[in-house]
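Asker: No sequence on hand, only this structure:
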């Protein structure tokens with residue numbers, strides 16, 4: 001659930017109410033905020049907030065029909081998903097900022113944010129134009145802040161992220177997750193996405209299998225423990241991140257061919273980059289081109305920080321975040337914008 005809090009705005013509205021009366025004040029505050037169900041366009045929205053429309057049903061907010069509602073700022077505000085000290089990323093992103101300024105022919109300011117909530121509020125209120133929202137925040141930003149993701153970091157072969165796989169020993173009779181009923185499944189830890197959260201949601205959503213009711217869960221502590229457990233016959237089935245499995249095979253820790261996968265999830269996306277839904281389309285075109293043409297090798301610090309990618313690639317939220325939405329649904333998450 002996402003809740004916008006703006007105490008200064010509330011004080012201003014209360015003063016207006018005192019001076020000119022409730023009815024007029026409600027009208028002014030609705031126009032001031034730009035969000036009002038009574039004045040909202042009658043259109044398809046899906047999970048989007050009432051402030052946005054999704055006419056083409058691609059799960060993201062459309063550009064407003066009236067060009068008067070388009071935003072074409074002289075200075076673009078950009079921010080990255082808050083991790084560690086947000087001020088540090090102002091320096092890391094500077095080479096990209098320099099590239100972006102040349103591409104769109106205007107100033108760009110990096111706006112460090114302290115939390116996901118602050119990042120969401122900044123875009124919803126119109127103070128943020130371009131952003132990188134993390135994997136889990138993307139659906140919330142799309143639904144509640146009018147965020148339109150269009151790209152993410154990847155390798156030159158367009159590979160990105162990782163997948164959750166459910167693995168068994170090669171000689172196991174298990175051929176599908178549906179066959180784990182009554183057996184013991186090794187998770188890694190309760191806080192792990194691919195080691196617990198994602199498989200729990202997928203097993204429940206796709207196979208109607210719930211831990212403790214249909215199978216016995218156990219926790220190995222780490223992905224490599226689960227992989228070695230299956231490899232050595234200590235676990236009959238486990239859920240793991242396949243990136244860990246691939247590294248262990250490359251290092252010769254385990255022999256390839258001794259473990260078999262019975263389920264592979266869609267790829268989990270990384271941070272999604274995008275723009276505010278009402279950004280002028282000509283500016284958006286230049287913005288996207290800046291992402292596509294940025295050279296990750298231009299700066300050693302940037303390349304080191306984002307070592308698992310060498311370019312930006314195009315994405316479609318409806319496809320690339322489907323698995324994240326599936327996990328949210330299975331875990332009872334809703335995109336209520338309050």
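Answerer: Received the coordinates, thanks. Because the structure is predicted, anything quoted here is derived from the model rather than measured.
Asker: CA atoms for contacts and neighbours, from now on please.
Answerer: Fine.
Asker: all helices for the protein, in order.
Answerer: 7-20, 22-33, 88-92, 94-104, 116-124, 138-145, 198-207, 223-231, 242-250, 281-293, 300-305, 317-320, 322-330 (DSSP state H).
Asker: quick one, which of the ones you listed is packed in tightest?
Answerer: helix 138-145 (a mean of 26; mean count of other C-alpha atoms under 10 Å).
Asker: Contacts for the lengthiest strand in the chain, please.
Answerer: If each strand of the chain is counted by residues according to DSSP state E, the longest one is strand 147-154. Outside strand 147-154, the residues that touch it by C-alpha atoms under 8 Å, 6 or more residues apart in numbering are 60-61, 123, 138, 141-142, 160-161, 269-277, 288, 291, 308-317.
Asker: returning to that earlier point: would you format the helices of the chain as CSV with distance to residue 44 and mean pLDDT included?
Answerer: Putting those into CSV (distance: least, C-alpha to C-alpha, whole Å; pLDDT from 0 to 100) gives the following:
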stretch, distance to residue 44, mean pLDDT
helix 7-20, 30, 34
helix 22-33, 21, 36
helix 88-92, 37, 86
helix 94-104, 32, 97
helix 116-124, 19, 91
helix 138-145, 13, 93
helix 198-207, 26, 91
helix 223-231, 42, 94
helix 242-250, 38, 86
helix 281-293, 21, 98
helix 300-305, 40, 88
helix 317-320, 15, 94
helix 322-330, 19, 84
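Asker: Nearest to residue 80, out of those?
Answerer: Using C-alpha to C-alpha as the measure, helix 88-92 is the one of those that comes nearest residue 80, at 7.7 Å.
Asker: related to what we said a few turns ago, buried subset of the contacts of strand 147-154?
Answerer: For the contacts of strand 147-154, a neighbour count by 16 or more other C-alpha atoms under 10 Å gives the buried set as 60-61, 123, 138, 141-142, 160-161, 269-277, 288, 291, 309-317.
Asker: distance between stretch 170-182 and the chain's centre?
Answerer: In this view, stretch 170-182 has its centroid 32 Å away from the chain centroid, taken as C-alpha atoms, centre = their mean, to the nearest Å.
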